[in-house]
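> Everything below, folded, please.
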Amino acid sequence: MKTFKEVAPIHLTYIQTDNGSEFQDHFEIYLKSENITHFHTYPRSPKMNAEIERFNRTLSEAFISRNRQLLAHDLDEFNRQLMDWLLWYNTRRPHWSIGLISPLRYIVNKLPAKESQMCWTSTPT
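Numbering: from 1, shown residues only. I've put the predicted structure just below:
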């Protein structure tokens with residue numbers, strides 16, 4: 001969560017998780033210290049987190065299953081490739097659910113005009 005807070009451009013006031021208990025004590029302490037309200041999904045209710053469950057399936061089928069050897073033998077390289085895949089997935093890959101554009105393009109298209117005006121320059125080297 002601390003890493004997320006450092007890189008995320010938003011302030012969290014709420015978070016929703018499943019009922020996994022791997023790091024629950026530390027997590028709860030951190031959330032209380034940051035005044036973040038914690039909601040839980042109902043046990044055995046994957047439909048409450050359908051988007052995340054679907055993403056986990058995509059991640060497993062499209063990346064993890066194809067990189068099991070790397071996961072077993074070189075965790076640093078696995079993580080580097082995972083980050084590359086996640087960047088591709090969110091910035092380049094078309095998604096059916098949002099009209100065959102990338103999530104990044106979808107978000108940029110939703111920004112109000114005054115906030116999204118950018119100036120692009122090209123400097124020959």
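
> The closest residue to residue 14 other than its chain neighbours: what's it in contact with?
In this structure, residue 14 finds its nearest non-sequential neighbour in residue 37, 4.8 Å apart by CB to CB, 6 or more residues apart in numbering. In short, each C-beta sits where N, CA and C put it, glycine included. When contacts are counted by CB atoms under 8 Å, 6 or more residues apart in numbering, residue 37 touches 13-15, 31.

> any idea how far residue 51 is from residue 37?
Relative to residue 51, residue 37 is positioned 20 Å away (CB to CB, to the nearest Å).

> And the lowest mean pLDDT element among the helices and strands of the chain?
helix 113-116 (a mean of 60; mean pLDDT, DSSP states H and E).

> Which strand or helix spans residue 59?
Following DSSP states H and E, one finds residue 59 within helix 50-62.

> Centre of the chain to that helix, how far?
In terms of CA atoms, centre = their mean, to the nearest Å, the centre of helix 50-62 is found 11 Å from the chain centre.

> For whichever helix or strand comes after that helix, give the mean pLDDT please.
The helix or strand immediately downstream of helix 50-62 is helix 68-73, counting by DSSP H and E. The pLDDT scores in helix 68-73 average 96.

> Quick check: the gap between residue 14 and residue 95.
Residue 14 is 25 Å from residue 95, by CB to CB.

> picking that back up, pull out the buried residues from the contacts of residue 37.
residue 31 (16 or more other CB atoms under 10 Å).

> any idea how far residue 49 is from residue 96?
Separation of residue 96 from residue 49 (CB to CB): 20 Å.

> Walk me through the domains of this protein.
Following automatic domain parsing, one finds the domains of the chain at 1-40, 47-107.

> thinking again about what came up before, between residue 96 and residue 49, which one's more packed in?
residue 49 (16 against 6; other CB atoms under 10 Å).

> which ones are touching the more buried one?
So residue 49 contacts 16, 18, 41 (CB under 8 Å, 6+ apart).

> Identify those among those residues that sit within strands.
Judged by DSSP state E, the contacts of residue 49 include residue 16 as members of strands.
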